[in-house]
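In: could you work out the structure for the sequence below:
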Amino acid sequence: MWGILVALASGALMSVQGVFNTDVTKQTSLWVSTGWVQLSAFAVCVTAWFFTGRESVGALFQVTPKYTLLGGVIGAFITITVIQSMSSLGPAKAAMLIVVAQLAVAYVIELFGMFGMERQPFSWRKLLGMAVAIVGIVIFKWEK
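Out: Next comes the predicted model:
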């Protein structure tokens, strides 16, 4: 149950953040807004680190495989693409497409056991679920 609540909170926060970041971008620029997002996130993380145990930062140098350290770089591009999609499509349409893309990529990662994830068998039910989500987007976008 906890995982479901956290996932729902994550989705809600991502939508609100996307709207906020889009507004900041309109008043500044894409790179200024994205930089602010990453810098303010870093400040929150450092503050939380001071209050919650202070694990060794040096442990980052021991992480393997090294490509997994690119999460922050990917995060910057996530911020940029969310801002641009929400600006051009609006929050609801952008969020729906983002979620379907997340589902599709996550399923491919599971299916092929990529990036160290445990390989999962193919499931027609999961594929059908994704197709239903895509049909939902078409219906949502459908204008009279």
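
In: tell me who's in contact with residue 118.
Out: residue 110 (Cβ atoms under 8 Å, 6 or more residues apart in numbering). C-beta coordinates here come from the backbone N, C-alpha and C atoms, glycine included.

In: with residue 95 instead?
Out: By Cβ under 8 Å, 6+ apart, the neighbours of residue 95 are 11, 14-15, 18, 86.

In: select only the buried ones of those residues in ChimeraX?
Out: Buried residues among the contacts of residue 95 (16 or more other Cβ atoms under 10 Å), as a ChimeraX selection:
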select :14,15,18,86
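
In: okay, which residue is most central for this structure?
Out: residue 78 (6.3 Å; Cα atoms, centre = their mean).

In: which strand or helix spans it?
Out: Assigned by DSSP states H and E, residue 78 belongs to helix 71-89.

In: got the CA positions of that helix in PDB?
Out: What follows is helix 71-89, C-alpha atoms only, in PDB (Å, rounded to 0.1, in the frame of the first residue of the first chain):
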ATOM      1  CA  GLY A  71      20.700   9.800 -13.200                       C
ATOM      2  CA  GLY A  72      21.200  13.500 -12.500                       C
ATOM      3  CA  VAL A  73      22.100  14.200 -16.200                       C
ATOM      4  CA  ILE A  74      19.000  12.400 -17.200                       C
ATOM      5  CA  GLY A  75      17.000  14.400 -14.600                       C
ATOM      6  CA  ALA A  76      18.100  17.600 -16.300                       C
ATOM      7  CA  PHE A  77      16.800  16.400 -19.600                       C
ATOM      8  CA  ILE A  78      13.600  15.200 -17.900                       C
ATOM      9  CA  THR A  79      13.100  18.700 -16.600                       C
ATOM     10  CA  ILE A  80      13.700  20.300 -20.000                       C
ATOM     11  CA  THR A  81      11.400  17.900 -21.900                       C
ATOM     12  CA  VAL A  82       8.600  18.200 -19.300                       C
ATOM     13  CA  ILE A  83       8.700  22.000 -19.500                       C
ATOM     14  CA  GLN A  84       8.600  21.900 -23.300                       C
ATOM     15  CA  SER A  85       5.800  19.300 -23.600                       C
ATOM     16  CA  MET A  86       3.600  21.100 -21.000                       C
ATOM     17  CA  SER A  87       4.200  24.400 -22.700                       C
ATOM     18  CA  SER A  88       3.200  23.100 -26.100                       C
ATOM     19  CA  LEU A  89       0.500  20.500 -25.100                       C
END
